[in-house]
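[1] I need the structure of the sequence given here:
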Amino acid sequence: MKLSFGFLAISLASAVYGEKLKISGLIARSPSFDGKVSLHIQRGDTVEASGFYIPEKLNQGCENDCLYVIKYDEEKEPVYFDFRKAVYLYNGYTYYLEYQNKYVGGTISIDKRHPNSALLSLSSIEPYGIYFSGKYKPEKIHGYYGENTVFKIVSPTVQLKYNKHHYYIIYCGEELATKEWDDPEETGCVGKPINECDTFKANIHSYVPSTISIDKRHPNSALLSLSSIEPYGIYFSGKYKPEKIHGYYGENTVFKIVSPTVQLKYNKHHYYIIYCGEELATKEWDDPEETGCVGKPINECDTFKANIHSYVPTLVKGQAALLNNVPTSPPEIDVPGPTTIDGVVCLPPHIAYQQFDPLRPKSVPTYPIPTFDESKTVGPNAVLDDDVAALLKSLTLEEKVGQMTQVHVGNFLGCDGQINMTRTIEWFDKWKLGSVLENTPNQGGYWNYLSPQRFANFSNTLQQVATTYGSKIPMIYGLDSVRGANYVKGGVIFPTALNTAATFNPKHAYDAGRITAKDTRAAGVHWTFAPLADVSMEKHWSRNFENFGEDTYLAGEMVHNSVKGLQGNYKMDRSRIAACMKHFIAYSAPLNGKDQEQRLIPLNYLMEYIVPSFQRAVDAGVATGMEAYGSFNGEDVISSEYLLKDLLRDTMGFNGMMVTDWGEINAQHQKHKTAFNSSDSAMLTLKYTTVDMSMVADNVIFTNDTINLVKNGMIPESRIDESAGRILQLKKDLGLFSQPFSDPALIDTVGSAQDVEVARNAARESIILHQNKNNVLPFNVDDKVLFIGPNMNSTRFMGGGWNVHWQGPSDAEGDAVYDGYGDTIMLGVQQITGKPTGWYSGFDITGKRVDDYDELVRLARRADKVVIGFGEKTTTEVPGDINTLSLPVDQTELVRRITHETSTPTVLLLIQNRPFSLANIPNWVDGIINAGLPGAYGGLPIAEVLYGKISPSGRQPYTYPKMDYQSKVTYYTGIWNEYDPQFAFGAGFGYNDISYSNITVSSTDLRPGSPITVSVSATNNGKMSQLEPVLMYTTQNIRRRYTPEKYRLRSFDKKEILPGATVNFSFTLTAEQMMFYNTNVEHVLEEGPVTITMNAFNMNNVTLPIYLHTN
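    Coordinates of the predicted model:
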């Protein structure tokens, strides 16, 4: 739809000036330019307009599809159109870039933010923006980086700020001199190089400054020392006070001096030449009081010149040897497409539509897997390496606190959704940032899903800034790669952690970790916030799919192998990344089932059922950890000395780096009301815990507060050294000091068919068959099957949250965002049957009816089989909070009608984050399959199970409740308690009849220090090969004073059993496994009879009694 701009002007003409009108669309130049501008209505874009103005002309040269907005004459009411991209604006004389009424680009007109000032372009040099006044369109403007920015120039010049008839020499935001000068339009100087403009030279006193030193932040610029003016800018700190200082206001204060002199910062016996806060050179030098140089111009002080090498230094700030060879040039990666205009205005908070990244990795079919010795656990050490300790000692307080600060990458985006280099440099230079997190699509970036090439280019750019500015220490990039590189286009998205637990095969946790690490490192990211080591304790919780089930032994084995896969020998293997055990601790047990809510858990319960899976992460050498949101037993986790010091460090022996969750330090005063202010929040965390890094995300409040706390004596600097040291050691361990950039060779392996098959195998083993009345499954390829449900033909609904975006792909993106990656159930069915199969949505993903149920019932009568897929919208964290586990009425009603009004066998297929209670549905349907969230490549494995290409082998990794009241029930409930869920922990079976026999033990007496061997035989009486998991439980039938659990999982194994074959399974059981924590939080052992049970909750279970002794 197009509306002429003339129509828009007429419709607005009668409006009162200033009235806001909202118009959906973008203003764009028509390809067949006729002097008019058209309004193109386009999905989701909102434009705000006020007033009206019809331009006289739009004659700026531009390719098709250039976007325009009309700027006003000085005498007319402005019209502002607010949208994603900065555009050319017209004011009757010239064009310039503006966004949201703010100047954002290379300009050819007055800067509206600085009335009466302007920009200057010199054709013989290449400035990044110099003040100028007039109507002349400059030839070489390379973008604008913000107010008071110091600009890179090829030859010495001055920076001018115009105010009526006066120009000011500007450096680092200070006005150094002022001189009256004629308007450049009248002098004929417009656009000329300043050294060719006699009028300019005459009025600015030769204007070319003598050079004091090189400013490292802007390598080709110089410092001013003009003998005829009064400059501002002497930096000084230390015990010596120079004679000619007109007032002292504290360290790093800018002072006015009468005559030019050296700028010094004193530190024991070293003086640093400083300008704008940067140490430019260092040289040992005698006390200036003794040399007679105090207050003298530097070119008159022989002692100074002799010692500072004629005072034009080429020295750089001294650093420890570890930084001497850090490369600052990233590899070249071809990334075509839009480039940033370095805008200073960020995108609106809501972006209706983002562009699809056309780039894709090569995705080689196979690749060699690096081989490094992983026979021994590789993890963080308690003591810093010597070179790390030396580097730490060389850093300033500000640099050390900067290492402890992590911000999200949205802070570095400009108005076009691309990186804003000025802001990026400013943050790293000023705050010495040590870490970033997140990906640009989640923060409103231009692209909705970054290819590994584009992601690597982005991360390499940040890394180049980090190694060039501020502390010059490589930053560490953290990302939620929780099941594959789920934020990297083409990266294989694996089944969720809960599905991986359902395989009861830890190899899949390891393999997923290894491939996740490789694909994440290909994008230039070094650290993942995974695995989630919590255990599932509240079925309403929106993040159940992210953990490894409700049993601490199962979760521990999976977590251990996940860490091993992610890290491997990470101190040598540069295809691995740092893992992060989270969320420490008990995050998964919110009292009301809502994310981030309080947890009330007895300490003995904590130690018995929650700590062990985290301990297994520590045992695996996990490099980092993340504390949990909210409170534990009324105390904020973020300031808990018991949890984050006594338990984490002293009891569990964790030596790695600890990061907060998003904004948790400031949450103490902003949300929890457990601190007075941000400074108090930082003080509580630093004083009582061993947290090392603040995921402060979108500000540097923590940085400022921490620096001030140390300077004011509230926190000792030694506490900062502990955390900064652990962070630096992690960076060294990951190889960032030798190669901080991404390895382009890894990019080609992203999305390899080799990796896809690994993901599919994990999905195959995770699918759980719970019900198969009358052998409704498997289907025959000739069966006429009616598929109903929105998840039948969707890739995104098999992935869950943390999949492309935080909350998964948007409705606008749909499955198109995968762009050829992954598959759907319907594609899998077509691959098996050889023909396309129709499907009906029936209801939307929220369960609301969208199809005619009468028609679906008629179709079901004509079908041989019906499959109805239940699921939920992709979500996680607070947005995924729910109030009930009950299914939507429309979903239940469809199943009722099909099963009651037809005789067609019906199978229920569950594809969901958490277990929704099924009420009477299991009594109505013939088959039930729980596929969980099998990942982007789960479609074919589900089809293979439906059609009998494989026999399902998954087992339930959590208790599936019948009703809401069972949401907190676990299988290890008390021995006398009711345990009557919909599906029990460990439940599930295949298409084969597996019988168990010959359960034996090496001894019926179990004693401390004397393990026993438990064996059992399993026979496949079916016609298909069967992967069979065997789960060994114990029940202590009598445990004095403390109620024993109904069952406890002690070990498991999974093996393939061919048709007619018998396979032996053997397990080791120790008395130490039978120990438990009493209410005094003592780890104790009680004598009594014990029953060993194989497959406790399946029909083929077998048992054997033994006796437990305490000595």
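
[2] how many neighbours does the closest residue to residue 659 other than its chain neighbours have?
    Counting by CB to CB, 6 or more residues apart in numbering, residue 693 is the residue found nearest to residue 659 once chain neighbours are left out, at 4.3 Å. All C-beta spots, glycine's among them, are computed from the backbone N, C-alpha and C. For residue 693, the tally of surrounding residues (other CB atoms under 10 Å) stands at 25.

[3] equivalent analysis for residue 1086, please.
    There are 17 residues near residue 1086, going by other CB under 10 Å.

[4] name the SS class of it, please.
    coil (DSSP: H, G, I helix; E, B strand; the rest coil).

[5] ok, it - contacts?
    1036, 1039, 1040, 1041, 1042, 1076, 1108, 1110 (CB atoms under 8 Å, 6 or more residues apart in numbering).

[6] and the strands in the stretch 901-1050 of the chain, which stretches?
    906-911, 927-930, 994-1001, 1005-1006, 1012-1020, 1026-1036, 1048-1057 (DSSP state E, counting those that start in this stretch).

[7] right, and the ones you listed - which one's nearest residue 684?
    Taking CB to CB, strand 1048-1057 is the member of those nearest to residue 684, at 37.8 Å.

[8] where does the stretch 201-350 of the chain dip in pLDDT?
    201-320, 336-350 (pLDDT under 70).

[9] could you list the domains of this structure?
    Domain assignment for the chain by automatic domain parsing gives 232-318, 386-747, 767-966, 994-1108.

[10] just say which of those domains is most tucked in.
    Ranked by average neighbour count under the criterion mean count of other CB atoms under 10 Å, the domains of the chain are headed by domain 386-747 at a mean of 23.

[11] okay but residue 865 is in contact with residue 776, surely?
    Yes - using CB atoms under 8 Å, residue 865 makes contact with residue 776 at a distance of 6.9 Å.

[12] between these two, what contacts are shared?
    905, 906, 907.

[13] confidence score at the first one?
    As predicted, residue 905 sits at a pLDDT of 98.

[14] what's the answer for residue 925, then?
    98.

[15] you'd agree it is up against residue 908?
    Yes - the criterion here is CB under 8 Å, and residue 925 meets it with residue 908 at 4.8 Å.

[16] what touches both of those two?
    With CB under 8 Å, 6+ apart, residue 925 and residue 908 have common neighbours 868, 895.

[17] poorly predicted segments of this protein, please.
    In the chain, residues with pLDDT under 70: 1-320, 336-353, 415-416.

[18] for the residue nearest to residue 659, what are phi and psi?
    phi -130, psi 140 (degrees, to the nearest 10).

[19] what's the answer for residue 1038, then?
    phi -130, psi 130.

[20] identify the bridge partners of the nearest residue to it once chain neighbours are set aside.
    Nearest residue to residue 1038, sequence neighbours excluded (CB to CB, 6+ apart): residue 1088, at 4.1 Å. On the basis of DSSP bridges, residue 1088 is bridged to residue 1108.

[21] for residue 1088, give me its contacts.
    Taking CB under 8 Å, 6+ apart, we find residue 1088 in contact with 1036, 1037, 1038, 1039, 1040, 1107, 1108.

[22] the nearest residue to the fifth one once chain neighbours are set aside and residue 1041, how far apart?
    With sequence-adjacent residues excluded and distances taken as CB to CB, 6+ apart, residue 1040 is closest to residue 1086, at 5.6 Å. Separation of residue 1086 from residue 1041 (CB to CB, to the nearest Å) stands at 8 Å.

[23] cool, and residue 1075?
    15 Å.

[24] buried set for stretch 985-995?
    985, 986, 987, 988, 989, 990, 991, 992, 994 (16 or more other CB atoms under 10 Å).

[25] pick the one among those closest to residue 768.
    Among the buried residues of stretch 985-995, and counting by CB to CB, the member closest to residue 768 is residue 988, at 4.2 Å.

[26] my read: the closest one touches residue 1098, true?
    Yes - counting by CB under 8 Å, residue 988 touches residue 1098, with 7.5 Å between them.

[27] returning to that earlier point: from the buried residues of stretch 985-995, which land in helices?
    Secondary structure from DSSP state H places none of the buried residues of stretch 985-995 in helices.

[28] mind putting these into JSON lines with distance to residue 379?
    Compiled in JSON lines, the buried residues of stretch 985-995 are given as follows (distance: CB to CB, whole Å):
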{"residue": "985", "distance to residue 379": "31"}
{"residue": "986", "distance to residue 379": "31"}
{"residue": "987", "distance to residue 379": "36"}
{"residue": "988", "distance to residue 379": "35"}
{"residue": "989", "distance to residue 379": "39"}
{"residue": "990", "distance to residue 379": "38"}
{"residue": "991", "distance to residue 379": "43"}
{"residue": "992", "distance to residue 379": "42"}
{"residue": "994", "distance to residue 379": "39"}
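
[29] return the member of those nearest to residue 1070.
    Nearest member of these to residue 1070, counting by CB to CB, is residue 986, at 21.1 Å.

[30] show me what contacts the closest one?
    By CB under 8 Å, 6+ apart, the neighbours of residue 986 are 955, 956, 971, 1031, 1049, 1095, 1096, 1097, 1098.

[31] what's the closest of the residues you listed to residue 886?
    Using CB to CB, the shortest approach to residue 886 within these belongs to residue 956, at 20.0 Å.

[32] check contacts around the closest one.
    Counting by CB under 8 Å, 6+ apart, residue 956 has contacts 502, 768, 770, 930, 983, 984, 985, 986, 987, 988, 1097.

[33] same list (those) but as CSV, adding distance to residue 628.
    Formatted as CSV, the contacts of residue 956 follow (distance: CB to CB, whole Å):
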residue, distance to residue 628
502, 24
768, 29
770, 32
930, 28
983, 28
984, 28
985, 24
986, 27
987, 30
988, 31
1097, 30
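
[34] closest one of the buried residues of stretch 985-995 to residue 448?
    Among the buried residues of stretch 985-995, and counting by CB to CB, the member closest to residue 448 is residue 988, at 37.2 Å.

[35] now residue 427: how far from residue 477?
    Residue 427 is 14 Å from residue 477, by CB to CB.

[36] oh, that last question was meant for residue 702, not what I typed.
    Distance, residue 702 to residue 477, by CB to CB: 19 Å.

[37] residue 1050 touches residue 553, doesn't it?
    Yes - with contact defined as CB under 8 Å, residue 1050 counts as touching residue 553 (6.8 Å).

[38] spit out the residues that contact the two alike.
    Joint contacts of residue 1050 and residue 553 (CB under 8 Å, 6+ apart) do not exist.

[39] show me where the stretch 701-850 of the chain has strands.
    768-772, 785-788, 839-840.

[40] and of the ones you listed, who's closest to residue 447?
    The closest of the strands of the stretch 701-850 of the chain to residue 447 is strand 839-840. By CB to CB, the value is 31.0 Å.

[41] next helix or strand past that closest one?
    Downstream of strand 839-840, the first helix or strand assigned by DSSP states H and E is helix 853-862.

[42] beyond that following helix, next helix or strand please.
    Helix 853-862 is succeeded, C-terminally, by strand 865-871 (DSSP H and E).

[43] each with direction, which strands does that following strand pair with?
    strand 785-788 (parallel), strand 906-911 (parallel).

[44] now the angle between helix 853-862 and it, please.
    140 degrees (axes from the mean of the first three to the mean of the last three CA atoms, to 10 degrees).

[45] quick revisit: can you tell me which of the contacts of residue 1086 is closest to residue 621?
    When those are ranked by distance to residue 621 (CB to CB), residue 1076 comes first, at 27.2 Å.

[46] quick check: the residue nearest to that closest one when sequence neighbours are not counted vs residue 1046, distance?
    By the measure of CB to CB, 6+ apart, the closest residue to residue 1076 outside its immediate chain neighbours is residue 608, 5.9 Å from it. When distance is defined by CB to CB, residue 608 is 14 Å away from residue 1046.

[47] please apply the same query to residue 775.
    31 Å.
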